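Visitor: can't give you the sequence, but here's the structure:
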């Protein structure tokens, strides 16, 4: 017994010592790098079944997720299409002409002191930018052009405390007003207390707006519980645009804007 | 020797399946400990395969040759010593369970420390490894228990 135990200790310590010696001398060694490469090459064939299985699982998950995303997107586009058709039926002056379009603009200044209030873009009146034009990111409203100069313009963003945007809840047609708190959050104001909106309900600019065209997607009702102030529910809004990482915008130009 | 190589291969296949997401249980090490219960005096067939398997694992997965080899060798050596030091009546499935689980936790912790990822991902990976090792260890313990019943475990 003693002999076996001693032998186990000796072999165990010898193997461990050799391993630790390897560990000490191997980092950065070209021989080790080569050995790692050779090991990977040698094992490539025997590992192939697992790679196939992994690939199949990954493809399957991606396909299922893709179908769900596409179904959601189709539903969203159908709703948006219906809404826009309704808008055009009611207000023919909103019809987009062939001369209208989107002007891409790069954000060249975002003052840290006014981080959630405004950004400066590198397009101005020479590029056809006018005050009041909506600014979009990823198809969602981000803000509105507030001041225009020949070579640049300033855009008030949704989180600004200066911008109030009349909006409509797509699913219920309730009207409200979006206002930023200057700290990166957006609230939906003036929803009566008895009206209960669900998280995920989509919000677009409203027909009643005199500052922006109707039907521009803005975002959705956030999961956060609404506050109740003076008989109204104040819902928190998750903007569709990623306002914290914007580096460029699309300015919606053209005729038909109010 | 073929079963030892096969156990390493199975562990490697699982790592390919789950690479980048989770750490796999040390099936190879558990198998070596199980093998040790069958041939407790045959130190060479436990410690040095542990070294070679660990070294190969390092070359394939950790790029730190010697890390897993050191852990596997040390654990294998300690397991042999403990198993041989315990009187015959104590060499049963429960002792195997304790040894295999301790080995699994220790090897997992070392891998946990050396695996480069965020803290949250690491904890998740370690938890998965430990929980996924449980069925492997329990099945091996049942096999050991069956061996004890048939008086096949070498005393």
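Guide: Cool, the structure landed. Keep in mind the model is a prediction, meaning the values are calculated, not measured.

Visitor: Check chain B for the residue nearest chain A and tell me.
Guide: residue B:77 (1.7 Å; C-beta to the nearest C-beta). C-betas here are computed from N, CA, C, even on glycine.

Visitor: and that residue, that's in a helix?
Guide: Yes - with DSSP: H, G, I helix; E, B strand; the rest coil as the criterion, residue B:77 is located in a helix.

Visitor: and it, what does it touch?
Guide: A:8, A:9, A:11, A:12, A:13, A:15, A:16, B:43, B:47 (C-beta atoms under 8 Å, 6 or more residues apart in numbering or on different chains).

Visitor: In three-state terms, how would the closest residue to residue A:102 other than its chain neighbours be classified?
Guide: Excluding the flanking residues, the one nearest residue A:102 by C-beta to C-beta, 6 or more residues apart in numbering or on different chains is residue A:250, at 4.2 Å. Three-state assignment for residue A:250 (three-state DSSP): strand.

Visitor: thinking again about what came up before, hmm, which two among the contacts of residue B:77 are most spread apart?
Guide: Spatially, the most separated pair among the contacts of residue B:77 is A:16 and B:43, at 13.5 Å (C-beta to C-beta).

Visitor: anything in the longest helix seen in chain B near chain A?
Guide: Ranked by residue count under DSSP state H, the longest helix found in chain B is helix B:119-149. No - shown here: helix B:119-149 not in contact with chain A (C-beta under 8 Å from any C-beta of the partner chain), separated by at least 15.5 Å.

Visitor: Which pLDDT does the model give the residue nearest to residue A:208 when sequence neighbours are not counted?
Guide: Of all residues not flanking residue A:208 in the chain, residue A:166 sits nearest, at 5.1 Å (C-beta to C-beta, 6+ apart). Looking at residue A:166, its pLDDT is 91.

Visitor: Assumed residue A:166 was part of a helix.
Guide: No - the assignment for residue A:166, made by three-state DSSP, is strand rather than a helix.

Visitor: what bridges to it?
Guide: When bridges are called by DSSP bridges, residue A:166 pairs up with residue A:177.

Visitor: How much space separates it from residue A:117?
Guide: Remark: distance between residue A:166 and residue A:117 (C-beta to C-beta, to the nearest Å) = 19 Å.

Visitor: between those two, who's got more neighbours?
Guide: When neighbours are counted by other C-beta atoms under 10 Å in any protein chain shown, residue A:166 and residue A:117 differ, and residue A:117 comes out ahead with 21 against 18.

Visitor: dump the residue contacts of the nearest residue to that one once chain neighbours are set aside.
Guide: In this structure, residue A:117 finds its nearest non-sequential neighbour in residue A:160, 4.1 Å apart by C-beta to C-beta, 6+ apart. Residue A:160 sits next to A:116, A:117, A:118, A:143, A:180, A:182 when contact means C-beta under 8 Å, 6+ apart.

Visitor: Mind giving me the PyMOL select for the residues you listed, buried ones only?
Guide: Selecting only the buried members of the contacts of residue A:160 in PyMOL, with burial defined as 16 or more other C-beta atoms under 10 Å in any protein chain shown, works like this:
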select buried, chain A and resi 116+117+118+143+180
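
Visitor: No more questions from me, cheers.
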